[in-house]
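Q: 3D model of this:
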Amino acid sequence: MVAPATPAAQAHLLRSLVQDCIAKHLYPTAVFFADKLVSLTSYSAADVFLLAQTYYVSRQFRRAAVLLRQHAPMADARFQYLAAKCLSEVAEWDEVLVLLADAEPDDLAASQSPSAGAGPGAGREVSGPAAACLLRGRAHEALDNRAAAAQWYRAALRLDPFCEEALAALLDHHLLTNAEELALVDGLRLPQEHRWLRLLYRCRCKKYNQGASMEQQLAELEAPLGVGCYYMAARHFEAARRYFSKATSLDRNSAHAWVGFGHAFAAQDESDQALAAYRTAARLFPGLHTPVLGMGMEYSRMNNLGLAERLFRAAHALCPDDPLVCHEIGVLEYRNGRHAAAERWLRAALAATPRSGGGGGGGGGGALPAAAEATLLALGHARRKLRDFGGALEAYRGALALAPNAASTHAAVAFALQLSGDCAGAVREYHIALGLRPDDAFAQEMLGEALREECARASAELDDGGLGV
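A: Residues are numbered from 1 along each chain as shown. Modelled structure (predicted):
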């Protein structure tokens, strides 16, 4: 006759059975036997934790949270974290922060030693404090406190560089600038044998100078964001707005959708709606310069030059390599009468502009893209104001090489020639400008002036010749 198993032996068998059911994804069975286990062991802490885990994997989050609050030693960090994780699954974010006893991230990171340098086994597990910091960051982000979220994500990475989800949250949601991202990755305490991880992390940072990879990402966009981009390119702005709006409702963290939404309003001169979209994007993605630049362009168009300048400077601080930012600052300096500063910023914009076949910025060889035509034209205007007519003509002719049929550029060339004393050349250019745009009032008026000046010059030469006979 077989002796009955002792309660301790029965508990051991039930634990093994529950763990096997979890491994085989038999979650309802695991819940059933784990419930019997805690009854047998009078709700011992380890078995309560196991039952809570079975509730979690079977998506009974509230039930798990109630169990832990009633029967678990909540002073234990493991139980706190699991209870907070359950509450996060039902979006009880305030309760998550209360449960995790929200502290200062820098103080917590300083009080814990990073797990990456903890010895030969380092990196096999993500540390518990790092996971708790990650959860705090998610809670703050869900509550729209993105500055605090970024601090907690950073703390998670400082505690354990293997907490990749913290880095993904910082990068995917644009919570840091490009420089901050690189500084964070370079400052991670990784053991010598895990240097490869730093390279992988750096590859995920912002790539403002890698246009080809950005184009590839845009080519792979899914509807409705991709449809919105198509309508934007086709200049069907109302349709683009509808699809961008749908994209933001489906994924609130889609930076492309929010910026596109603002661009679609701006394209139809609806500044209030454009500014609202840009402000939302700037709040959601504080490390992204595009919405700040968009706000600056709207205020510049509304002639609020002081606020526009502050926003352009802020965008430049976030991304100093964007030629459009330098262009807008240069145009603003021109409008404020600071022509020397305008000339410097516009030259910086051209230097930062990628050239075809020239690799990175405009400093190398290769041809400028068509988008640089506006910068060259503005540079010519600034040099003309500085009475550098040779430099102005050089810039204007560069603009004409990119857009040969631009009537305004031909008129600008003519005006520079006229100011430098070449009225005959100015007359030729004014005729070309009027041939392209006959209703150009400036070219019509200045053509008359150039003809009168040329006639006066010719008459004076004839008089001088007659006197010499």
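Q: Next, count neighbours for Ala9.
A: Using other C-beta atoms under 10 Å, Ala9 has 10 other residues around it. (C-beta placed from N, C-alpha, C; glycine too.)
Q: Within the helices and strands, which one has it?
A: Here Ala9, judged by DSSP states H and E, is contained in helix 7-23.
Q: That helix: how far from the chain's middle?
A: Mean C-alpha position of helix 7-23 versus that of the full chain (C-alpha atoms, centre = their mean, to the nearest Å) differs by 50 Å.
Q: looking just at contacts, which helices and strands does it meet?
A: If you count contacts as 3 or more C-beta pairs under 8 Å, 6 or more residues apart in numbering; DSSP states H and E, helix 7-23 packs onto helix 27-40, helix 45-57.
Q: the inter-axis angle of that helix versus helix 45-57?
A: Helix 7-23 and helix 45-57 meet at an angle of 20 degrees, taking axes from the mean of the first three to the mean of the last three C-alpha atoms, to 10 degrees as the criterion.
Q: Of all the residues in helix 7-23, which ones are buried?
A: Judged by neighbour count (16 or more other C-beta atoms under 10 Å), helix 7-23 contains these buried residues: 11, 14-15, 17-19, 21-22.
Q: Can you convert those into CSV and add a column each for distance to Leu332 and pLDDT?
A: Formatted as CSV, the entries for the buried residues of helix 7-23 read as follows, by distance: C-beta to C-beta, whole Å; pLDDT from 0 to 100:
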residue, distance to Leu332, pLDDT
Ala11, 75, 83
Leu14, 73, 88
Arg15, 70, 89
Leu17, 72, 90
Val18, 67, 89
Gln19, 66, 90
Cys21, 67, 91
Ile22, 62, 89
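Q: Which one of those is nearest to Ala149?
A: Taking C-beta to C-beta as the measure, Ala149 sits nearest to Ile22 out of those, at 31.3 Å.
Q: mind listing what the closest one touches?
A: For Ile22, the set of contacting residues under the criterion of C-beta atoms under 8 Å, 6 or more residues apart in numbering consists of 30, 53-54, 57.
Q: again, but for Cys86
A: With C-beta under 8 Å, 6+ apart as the criterion, the residues that contact Cys86 are 52, 55-56, 61-62, 64-65, 68.
Q: If we use 10 Å, what do you get?
A: By C-beta atoms under 10 Å, 6 or more residues apart in numbering, the residues touching Cys86 are 52, 55-56, 59-68, 92, 95-96, 99.
Q: Report the central residue of the chain.
A: The structure's the chain has its C-alpha centroid closest to Leu288; by C-alpha atoms, centre = their mean the separation is 3.2 Å.
Q: where does that residue fall, helix, sheet strand or coil?
A: When states are read from DSSP: H, G, I helix; E, B strand; the rest coil, the local structure at Leu288 comes out as coil.
Q: next one: phi and psi at it?
A: Leu288 has phi and psi values of phi -100, psi 130 when expressed as degrees, to the nearest 10.
Q: And it, what's its pLDDT?
A: Per-residue confidence for Leu288 comes out at a pLDDT of 92.
Q: so it makes contact with Cys319?
A: Yes. Leu288 sits in contact with Cys319 when judged by C-beta atoms under 10 Å, with a separation of 8.5 Å.
Q: Name the nearest residue to Leu17, ignoring sequence neighbours.
A: Phe33 (5.2 Å; C-beta to C-beta, 6 or more residues apart in numbering).
Q: next one: Glu298
A: Distances taken as C-beta to C-beta, 6+ apart put Ser271 closest to Glu298, at 4.9 Å, once the chain neighbours are dropped.
Q: Neighbours of that neighbour, how many?
A: Around Ser271 there are 16 other residues, counting by other C-beta under 10 Å.
Q: about what we covered before: and the contacts of Cys86, which are buried?
A: With burial judged by 16+ other C-beta under 10 Å, the buried subset of the contacts of Cys86 is 52, 55-56, 60-61, 63-65, 67-68, 92, 95-96, 99.
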